[in-house]
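Visitor: Predicted model follows, preceded by the sequence.
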Amino acid sequence: MVILSVNINKIALIRNSREGNNPDLVSYARNCIELGAQGITVHPRPDQRHIRADDIVPLAQLCSEFPNIEFNIEGNPNAESLGSYPGFLELVRIAKPHQVTLVPDSDDQLTSDHGFDLSGDNTALEQQIAFCKALGCRVSLFMDADIEQLQRVPSTGADRVEFYTGPFADAWNESEQAGKDSFALYAHCAEFAHSLGLGINAGHDLNLENMRLFKSLPELSEVSIGHALTIESLEQGLATTLQRYRALLADA
Ligand SMILES: CC(=O)[C@@H](O)[C@H](O)COP(=O)(O)O
Ligand SMILES: NCC(=O)COP(=O)(O)O
């Protein structure tokens with residue numbers, strides 16, 4: 001079984017488009033959990049255009065009310081404090097999520113579009129990973145499907161990788177054959193990462209259609225899905241959408 005973690009960034013984006021608290025993120029996340037989500041993912045950025053710093057602790061508390069619901073915070077460990085944003089690692093410190101997914105986004109990036117390049121000096125990253133692990137968090141690194149890069153992950157101390165699946169989603173949209181070819185590369189990389197002792201997560205632009213293939217990724221533990229899931233929920237309703245993901249992932 002593959003765990004479904006619902007990324008609620010896009011729900012925060014709607015809330016932030018007006019003053020007030022509608023939709024309420026904690027209520028929305030509770031609803032997701034009660035309808036079958038097994039985790040909640042947030043990706044705060046310094047401009048706080050979607051998840052805000054003050055959303056983090058209430059969401060962590062919500063997840064802790066349920067025995068097996070994982071709270072996953074994604075973001076750039078180098079994102080420093082900016083206004084009311086206290087910095088990524090400070091958010092991790094106060095919330096102590098089950099999982100921290102480190103992502104090498106620049107502060108002004110529209111969305112995540114690449115994994116870590118570990119070919120340089122990784123001392124700072126290793127210290128950041130050690131900081132998160134000392135808080136009791138599992139640490140996952142956002143990575144491209146690239147063997148040369150993946151072989152460098154174990155020495156950082158990370159527990160898992162999250163494959164950046166944007167290129168797979170693009171290939172899937174191009175043609176069935178391109179999707180299959182791209183999937184073959186991810187499958188090879190997943191087997192390699194597993195052989196190094198790493199757990200496997202995946203995310204970015206996954207949806208109900210392309211998950212029919214991607215759910216078969218070897219050793220896949222967890223997917224985090226937000227953008228498409230939000231749109232699918234508008235079309236089909238949240239309950240039906242989550243039910244369809246869970247049915248897909250249950251037999252993965
Ligand atoms: C790491 C990753 O792929 C996701 O966190 C994604 O970046 C979230 O997307 P948005 O923040 O654009 O909703
Ligand atoms: N880690 C990926 C994630 O949380 C959601 O990405 P997307 O489905 O919003 O593209």
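Guide: Everything's here; your move. Ligands and ions are numbered 1, 2, ... in the order given.
Visitor: near ligand 2, which residues of the stretch 151-252 of the chain show up?
Guide: Glu162, Gly203, His204, Asp205, Leu206, Ser224, Ile225, Gly226, His227, Ala228 (C-beta under 6 Å from any ligand atom). For every residue, glycine as well, the C-beta is placed using N, CA and C.
Visitor: Which members of those are positioned in helices?
Guide: Secondary structure from DSSP state H places His227, Ala228 of those in helices.
Visitor: Tell me which of the residues of the stretch 151-252 of the chain next to ligand 2 fall in strands.
Guide: Using DSSP state E to define strands, the subset of these located there is Glu162, Gly203, Ser224, Ile225.
Visitor: Quick check: of these, which lies closest to ligand 1?
Guide: Gly203 (5.0 Å; C-beta to the nearest ligand atom).
Visitor: Which residue is the nearest non-sequential neighbour of that closest one?
Guide: Across the structure, with C-beta to C-beta, 6 or more residues apart in numbering as the measure, the residue nearest Gly203 apart from its sequence neighbours is Ser224 (4.1 Å).
Visitor: And the pLDDT at Ala252?
Guide: In the predicted model, Ala252 carries a pLDDT score of 77.
Visitor: Verify the stated contact: it with Leu220.
Guide: Yes. The pair Ala252 and Leu220 passes the contact test of C-beta atoms under 8 Å, sitting 6.6 Å apart.
Visitor: Quick check: next helix or strand after the helix or strand harbouring Ala171?
Guide: When secondary structure is defined using DSSP states H and E, the element that contains Ala171 is helix 166-174. The element immediately downstream of helix 166-174 (helix or strand, assigned by DSSP H and E) is helix 176-195.
Visitor: Just the buried residues of that following helix, please?
Guide: Residues Gly179, Ser182, Phe183, Leu185, Tyr186, Ala187, Cys189, Ala190, Ala193, His194 are the ones in helix 176-195 that count as buried (16 or more other C-beta atoms under 10 Å).
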